[in-house]
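Student: Sequence and predicted model, in that order:
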Amino acid sequence: MLTVNENYLKLPGSYLFSEIAKRVSAFKAENPDKSVIPLSIGDTTRPLSPTVIAAMHKAVDEMGQLGSYRGYGPEQGYAFLRETIRDKAYKPLGVDIAVDEIFISDGAKSDCGNIGDIFGKDNVVAICDPVYPVYVDTNAMAGRAGDYDGTRWTDLLYLPCNEANGFMPELPVRTPDIIYLCFPNNPTGASATKPQLKLWVDYALKNGAVILFDAAYEAYISEDNIPHSIYEIEGARECAIEFRSFSKTAGFTGTRCAYTVVPMDLKFGGVQINKLWNRRQCTKFNGVPYVIQRAAEAVYTEQGMRETREIIDYYMNNARVIRSGLKNAGLTVYGGINSPYIWVKTPDGADSWGFFDRLLKEAGVAVTPGAGFGPEGEGFIRLTGFGDAEQTKQAVERVIKVIK
Ligand code: MLT
């Protein structure tokens with residue numbers, strides 16, 4: 001008889017953002033006259049930029065013509081996009097990445113989850129706490145997390161990120177094999193300086209570990225001393241894989257395009273990791289649509305970059321509105337400077353889900369409960385700057401009214 005992957009049965013409840021969506025839908029169904037402002041999932045709301053749209057239209061027309069029609073594309077992505085990323089995303093940082101180290105994909109979420117395919121089941125995995133739940137859940141699905149004890153997974157190595165350490169993980173005593181880092185951080189909004197990242201790169205090199213570096217929010221960095229890529233750190237090519245995305249950078253959450261960098265210098269036990277990822281992608285992935293890759297390429301044109309900057313500024317202005325509004329109202333807030341996320345301490349020690357429910361019911365504002373990102377997230381909520389500007393202002397006013 002068929003057996004299922006029992007690791008799935010160990011997963012608690014549903015995926016965090018599905019659970020929130022369920023609660024918000026139930027509330028709306030019971031209260032059809034009440035409006036709910038969504039500041040929960042980090043989903044973009046501004047339309048794609050005119051330059052991106054023009055590139056998509058052109059590519060659609062090409063697909064309708066004999067001679068320019070394209071079937072299957074390269075699984076790793078078209079050369080035009082990989083070369084553009086090399087030249088426009090990395091060269092300006094002083095980072096040399098070769099085209100065959102760049103893999104175009106349909107999302108950083110998918111890549112962060114799928115990358116586990118190429119690593120052995122017995123590796124010890126370290127994750128920050130709180131953390132983007134995809135790292136945890138996908139390792140649980142792969143059997144690397146052990147059992148869920150109601151709060152934590154027995155085999156995961158938790159790196160607490162809290163007010164005491166400035167939301168910066170400390171080097172663990174027990175040595176992990178796989179280390180997930182995300183900076184600027186989702187959910188806390190914390191960012192890491194070069195010396196802070198250097199500590200991790202040196203640690204990974206010394207211990208033969210791989211760093212899986214999620215840089216999905218690098219476009220939101222506003223301070224000069226914050227690196228945009230882990231490859232700005234010496235030695236990172238030998239220990240790190242970097243995930244980047246057009247989702248938050250250019251509003252591609254619905255359009256789907258991202259990329260992962262796997263340097264040729266990354267080798268464990270004599271095995272070149274780039275080869276394994278290439279093998280995995282060729283077998284299980286058929287590439288991102290041509291039209292979408294042309295749209296992504298357009299993000300890097302001069303006009304595309306200007307328009308993209310305007311969209312990012314719009315979201316970061318929302319982040320400022322949330323940050324300053326809640327701070328002035330007496331709440332303790334973090335993030336929102338190099339990140340579109342604002343990490344807010346709940347008032348009077350309220351628990352995350354309780355405060356989430358209260359804000360939903362009394363303020364008509366949907367946030368993300370910090371506890372959904374891990375035990376250290378308890379006592380916090382996360383708000384996103386990705387909403388509509390007017391609604392964001394209203395949401396802040398509504399929250400302040402409830403807590404006053
Ligand atoms: C989030 O809200 O944490 C993210 O938007 C979810 C995602 O990118 O998958």
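Tutor: Nice, I can see it.

Student: List the contacts of the closest residue to the ligand within the chain.
Tutor: Residue of the chain nearest the ligand, by CB to the nearest ligand atom: Gly42 (3.0 Å). Bear in mind the C-beta positions are built from the backbone N, C-alpha and C, glycine included. Gly42 makes contact with 186, 248, 340-341, 384, 386, according to CB atoms under 8 Å, 6 or more residues apart in numbering.

Student: Next, Ser222: secondary structure please.
Tutor: coil (DSSP: H, G, I helix; E, B strand; the rest coil).

Student: tell me the pLDDT at the closest residue to it other than its chain neighbours?
Tutor: Sequence neighbours aside, Asn338 is the residue nearest to Ser222 in space, at 5.7 Å (criterion: CB to CB, 6 or more residues apart in numbering). On the pLDDT scale, Asn338 is placed at 98.

Student: tell me the contacts of Asn338?
Tutor: Asn338 neighbours (CB under 8 Å, 6+ apart): 184, 189, 191, 217, 220-223, 226.

Student: Specify which member of the residues you listed is nearest to Thr253.
Tutor: The shortest approach to Thr253 among the contacts of Asn338 belongs to Tyr217, at 12.9 Å (CB to CB).

Student: tell me the SS of the closest residue in space to the closest one that isn't next to it in sequence?
Tutor: Computed as CB to CB, 6+ apart, the closest residue to Tyr217 that is not its neighbour in sequence is Pro184, at 4.3 Å. Classification of Pro184 using three-state DSSP returns coil.

Student: Against Ala204, how distant is Arg264?
Tutor: One correction, residue 264 is Met, not Arg. Met264 is 17 Å from Ala204, where distance means CB to CB, to the nearest Å.

Student: I meant to write Gly73 there.
Tutor: Taking CB to CB, one finds Gly73 at 33 Å from Ala204.

Student: Show me which of those two is the more surrounded one.
Tutor: Ala204 (23 against 16; other CB atoms under 10 Å).

Student: isn't that one right next to Ile241, touching?
Tutor: No: Ala204 lies out of contact with Ile241 (CB atoms under 8 Å); the separation is 11.0 Å.

Student: any residues in contact with both of these two?
Tutor: 210-211.

Student: Need the pLDDT of the closest residue to Val299 other than its chain neighbours.
Tutor: Spatial nearest neighbour of Val299, excluding adjacent residues (CB to CB, 6+ apart): Ala250 at 4.6 Å. Listed pLDDT for Ala250 reads 97.

Student: do Ser14 as well
Tutor: 84.

Student: what residues are up against Ile104?
Tutor: 76-78, 81-82, 257-259, 287-288, 293, 296.

Student: Would you quantify the distance from the nearest residue to Asp388 once chain neighbours are set aside to Arg382?
Tutor: Excluding the flanking residues, the one nearest Asp388 by CB to CB, 6+ apart is Thr45, at 5.6 Å. As for Thr45, its distance to Arg382 is 17 Å (criterion: CB to CB).

Student: does Arg382 belong to a helix or a strand, and which?
Tutor: Here Arg382, judged by DSSP states H and E, is contained in strand 380-384.

Student: and the helix or strand just after that strand, what's its mean pLDDT?
Tutor: Proceeding N to C from strand 380-384, the next assigned helix or strand is helix 389-403, under DSSP H and E. Average pLDDT, helix 389-403: 98.

Student: for helix 389-403, packing partners?
Tutor: strand 37-38, helix 302-328, strand 365-366 (3 or more CB pairs under 8 Å, 6 or more residues apart in numbering; DSSP states H and E).

Student: And the second one, what does it pack against?
Tutor: Identification of packing neighbours for helix 302-328 by 3+ CB pairs under 8 Å, 6+ apart yields helix 50-63, helix 247-250, strand 333-335, strand 341-345, helix 389-403.

Student: what angle do the fourth one and strand 380-384 make?
Tutor: Using axes from the mean of the first three to the mean of the last three CA atoms, to 10 degrees, the direction of strand 341-345 lies 150 degrees away from that of strand 380-384.

Student: Redo the helices and strands packed on helix 302-328 as JSON lines? Include mean neighbour count and distance to the ligand.
Tutor: What follows is the helices and strands packed on helix 302-328, written out as JSON lines (neighbours: other CB atoms under 10 Å; distance: least, CB to the nearest ligand atom, whole Å):
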{"stretch": "helix 50-63", "mean neighbour count": "17", "distance to the ligand": "19"}
{"stretch": "helix 247-250", "mean neighbour count": "25", "distance to the ligand": "6"}
{"stretch": "strand 333-335", "mean neighbour count": "23", "distance to the ligand": "12"}
{"stretch": "strand 341-345", "mean neighbour count": "26", "distance to the ligand": "8"}
{"stretch": "helix 389-403", "mean neighbour count": "18", "distance to the ligand": "15"}
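
Student: For the ones you listed, please prepare TSV with the additional fields distance to Lys22.
Tutor: Compiled in TSV, the helices and strands packed on helix 302-328 are given as follows (distance: least, CB to CB, whole Å):
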stretch	distance to Lys22
helix 50-63	32
helix 247-250	23
strand 333-335	26
strand 341-345	22
helix 389-403	20
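
Student: Tyr148 is nearest to which of the ones you listed?
Tutor: Among the helices and strands packed on helix 302-328, strand 341-345 sits nearest to Tyr148 (CB to CB), with 24.0 Å.

Student: from the chain's centre, how far out does the closest one sit?
Tutor: 16 Å (CA atoms, centre = their mean, to the nearest Å).

Student: Which is the succeeding secondary structure element to that strand?
Tutor: By DSSP H and E, the next helix or strand past strand 341-345 is helix 352-358.

Student: List the buried residues of that next one.
Tutor: 352-353, 355-356, 358 (16 or more other CB atoms under 10 Å).

Student: Those residues: which two are farthest apart?
Tutor: Ser352 and Arg358 (10.7 Å).

Student: that older thread, filter the contacts of Ile104 down to the ones in strands?
Tutor: Counted as lying in strands by DSSP state E, out of these, are 258-259.
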